[in-house]
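In: mind looking at a prediction? Sequence and model below.
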Amino acid sequence: MLFIIALILALPITAQDSWELKKDRNDIKIYTRKYPNSKFKEYKAQMTVNTSIEIVKGIILDADKLKDWNYKTSKSNVIKKIDDDNYIFYLFNDMPWPVLNRDHVSDVVVTYPTDKSVLITITPNNDVLSENDAVVRITNFKGFWLLEETNTGILITNQLFGDPEGGVPSWIVNSQLVKSPYTSFNNLKKLLLNKQD
């Protein structure tokens, strides 16, 4: 489950349960909480890396290479670049047999809340690409990446809710809700540290 793929401004304003810290390792923190009116939970992942906002933003917006570090993503590409701050992404996620593979199409929008932060929102776009009968199209998700300049580096936050659809039991999805973002963040951290060499 993605991502793949992260939405401060678009998340429900209704009361929600508090975040519960599920993993704190390698300077990466993963939180989960219940999502309103859903049996599936959402996650929030955070880490601080000594890099620049532009470098992190560049990696996240490089859809063709998301498959190299995003958990269980074997295909990824830009369907359309509207301008420097607006994109349409495609991601394909491998699932263990007998569960069908998943894919999704998302609008990716970059905004700048302050002169020291970047917000990348991710929402479904279900109109630009036909579905493949052998793959379950994920159409109900929302999330964001928030990049913030701090005194100790760039604080990277990824928050995501997604319904995998296709009848996957919620306990299976929720049980992977820590491994998925932790693996992606660990891979992203290695990429960022390698760019410093």
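Out: That came through fine.
In: what about the strands in this structure?
Out: For the chain, the strands defined by DSSP state E occupy 20-25, 28-34, 41-49, 73-83, 86-93, 102-111, 117-124, 136-137, 140-150, 153-163.
In: reformat these as a markdown table; add mean pLDDT, distance to D62 and mean neighbour count.
Out: The C-beta positions use only the backbone N, C-alpha and C, and glycine is treated the same way. Formatted as a markdown table, these follow (pLDDT from 0 to 100; distance: least, Cβ to Cβ, whole Å; neighbours: other Cβ atoms under 10 Å):
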| stretch | mean pLDDT | distance to D62 | mean neighbour count |
| --- | --- | --- | --- |
| strand 20-25 | 96 | 26 | 12 |
| strand 28-34 | 96 | 21 | 19 |
| strand 41-49 | 96 | 17 | 21 |
| strand 73-83 | 96 | 9 | 14 |
| strand 86-93 | 96 | 10 | 20 |
| strand 102-111 | 96 | 11 | 20 |
| strand 117-124 | 98 | 12 | 20 |
| strand 136-137 | 93 | 23 | 18 |
| strand 140-150 | 97 | 13 | 20 |
| strand 153-163 | 95 | 15 | 21 |
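In: now those strands in a markdown table, with distance to L193?
Out: Formatted as a markdown table, those follow (distance: least, Cβ to Cβ, whole Å):
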| stretch | distance to L193 |
| --- | --- |
| strand 20-25 | 16 |
| strand 28-34 | 13 |
| strand 41-49 | 7 |
| strand 73-83 | 21 |
| strand 86-93 | 24 |
| strand 102-111 | 24 |
| strand 117-124 | 20 |
| strand 136-137 | 35 |
| strand 140-150 | 16 |
| strand 153-163 | 11 |
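In: number of residues surrounding D127?
Out: 7 (other Cβ atoms under 10 Å).
In: same deal with the one 3 residues further on?
Out: Taking other Cβ under 10 Å as the neighbour definition, S130 ends up with a count of 6.
In: for it, give me its contacts.
Out: Residues near S130 by Cβ atoms under 8 Å, 6 or more residues apart in numbering: none.
In: who wins for proximity to I55 among the strands of the chain?
Out: Checking the strands of the chain against I55 by Cβ to Cβ gives strand 153-163 as the closest, at 8.3 Å.
In: give the pairing partners of the closest one; include direction for each.
Out: Counting by DSSP bridges, the strands paired with strand 153-163 are strand 41-49 (antiparallel), strand 140-150 (antiparallel).
In: so how far is I60 from the residue lying closest to K57 once chain neighbours are set aside?
Out: The shortest distance from K57 to any non-neighbouring residue, by Cβ to Cβ, 6 or more residues apart in numbering, is to V118 (5.4 Å). Using Cβ to Cβ, to the nearest Å, we find V118 at a distance of 9 Å from I60.
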